[in-house]
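In: sequence first, predicted coordinates after that:
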Amino acid sequence: MSTEKDLDAYQEFIKGIWRDNPVFVQVLGMCPMLAVTNSAVNAVVMGGATLFVLVGSSFLVAAMKHLIPKQVRISLYVIIIATFVTVADYTLLALLPKVHKELGAFIPLIVANCMILGRQEAFASRHSVRYAVMDALGMSGGFLLALLALGGVREILGSGSLFNVDLFGDGFEPWVIMILPPGGFLTLGLILLFFNWFTVRRRAFLQRVAALDAEEG
Amino acid sequence: MDNLIWIFISALLVNNFVLAYFLGLCPFLGVSGRLETSFRLGLATTFVLVVTALCAWILNTYVLIYAPYLRLISFIVVIASTVQFIEMAIKKTSPALFKALGIFLPLITTNCAILGLAIFATNRGYDLMEGLVFALGAGGGFTLALVLMAGLREETELSDVPALVQGTAMNLIIAGILSMAFMGFAGLFSSG
């Protein structure tokens, strides 16, 4: 019994990373996604802050789900999320003032990330604390990975470095467009294109396997 | 006066909320399928933006100087209740307009452009007049981006697009090209 439960919790975690990835599959949380991914460091800090907010608020919402009246639940979720975001904002200001300045208004804007409110409404409010936290970890892990993928590509092409480490030496002419706003749209569009292609190929492969099985059977 | 014109043009074109700051992308990608609905949504958002700028200024001037750490929570609560209040007021005074805006009105609460505007206006220390002009420019820019996008998407419906590219991927690439075009407006500032 206990092993089955562990497996379930693990499934909740892993689905956010890949199958239901909030960015690539559900296309949620686009605003912070595109705005802060002009370097890998910014992407990691943003992902970390989102992880903290999502896990904290999922925990609180799941723990208090019997105390929250149905009619005012959305406003309460928003207030809980806003509290965690304020904590994250002031912590970053104290620990990493330089990154905080670069991210600017986008830290407070985590409140408006529809992925976070979506998880509270769709998952944390109807499951136990343990599953809610696993789900939050998986979702924000998937979000962090997506941010890192986008931030990495944009920093390598746009500045010729990764995590501020120079990669190509002096001969490299940086594609400045990649760290400017259009680069964000284009890179994410291409990554989604790759995801589509991968899904189509995978489905075709599975169909072929099923057809072969049917023939043999 | 000069200053106000620059704030307006900057928010409308050069620092367009959608194409340069990535704010309000959800409606930009979600509701930009039809020209007419996008225009209406743009107008409704502009209206809420202006009201929000007013509320943010009142909060900043009279309340938040005593408790700056409550800024985010109070902004979010005030925006949500303002939208609710406007919804009720419009429903009472003009049922026709209410029907025309439909579901878009409550959805505006979750549009990050609204909260973004309040935070930007605070960070830049705008006074009441500057804040209102900034809101008008931002709303106009949002409407402009949405209408352009909807026009392009209506065109693509008639053309032969590979199945693989259809959907969000193509919309993002179109948005990237639009964003590149809007970068051209940056020249307004250096030469002006």
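Out: Done, it's in. What you see is a predicted model; the values in this text were computed from it and never measured.

In: where along chain A do the strands fall?
Out: With strands called from DSSP state E, chain A shows them at A:161-162, A:165-166.

In: of all those, which lies closest to chain B?
Out: strand A:161-162 (22.2 Å; C-beta to the nearest C-beta). From N, CA and C alone the C-beta is placed, and that goes for glycine too.

In: residues making contact with that closest one?
Out: Strand A:161-162 is contacted from outside by A:40, A:152, A:155-156, A:167, using C-beta atoms under 8 Å, 6 or more residues apart in numbering or on different chains.

In: got it, and stretch A:36-53?
Out: For stretch A:36-53, the external contacting residues (C-beta under 8 Å, 6+ apart) are A:29, A:32, A:81, A:84-85, A:87-88, A:92, A:96, A:99, A:102-103, A:106-107, A:110, A:113, A:116, A:137, A:140-141, A:143-144, A:147-148, A:150-152, A:154-155, A:158-159, A:162-164, A:179-180, A:183-184.

In: just the ones of these in helices?
Out: A:32, A:81, A:84-85, A:87-88, A:92, A:99, A:102-103, A:116, A:137, A:140-141, A:143-144, A:147-148, A:150-152, A:154-155, A:158-159, A:179, A:183-184 (DSSP state H).

In: tell me the most buried of the strands of chain A?
Out: Compared across the strands of chain A, strand A:161-162 shows the largest average neighbour count, a mean of 16 (mean count of other C-beta atoms under 10 Å in any protein chain shown).

In: that strand pairs with which strands?
Out: The sheet places strand A:161-162 alongside strand A:165-166 (antiparallel), with pairing taken from DSSP bridges.

In: hmm, back to that, buried ones among the ones in helices among the contacts of stretch A:36-53?
Out: With neighbours counted by 16 or more other C-beta atoms under 10 Å in any protein chain shown, these contain buried members at A:32, A:81, A:84-85, A:88, A:92, A:99, A:103, A:116, A:137, A:140-141, A:143-144, A:147-148, A:150-152, A:154-155, A:158-159, A:179, A:183-184.

In: and the ones in helices among the contacts of stretch A:36-53 near chain B, which?
Out: Contacts with chain B within the ones in helices among the contacts of stretch A:36-53, as defined by C-beta under 8 Å from any C-beta of the partner chain: A:85, A:183-184.

In: got the contact list for the closest residue to A:Ile179 other than its chain neighbours?
Out: For A:Ile179, the nearest residue in space outside its immediate sequence neighbours is A:Gly158; the separation is 3.5 Å by C-beta to C-beta, 6 or more residues apart in numbering or on different chains. Under the criterion of C-beta under 8 Å, 6+ apart, the contact partners of A:Gly158 comprise A:38, A:174-180, A:183.
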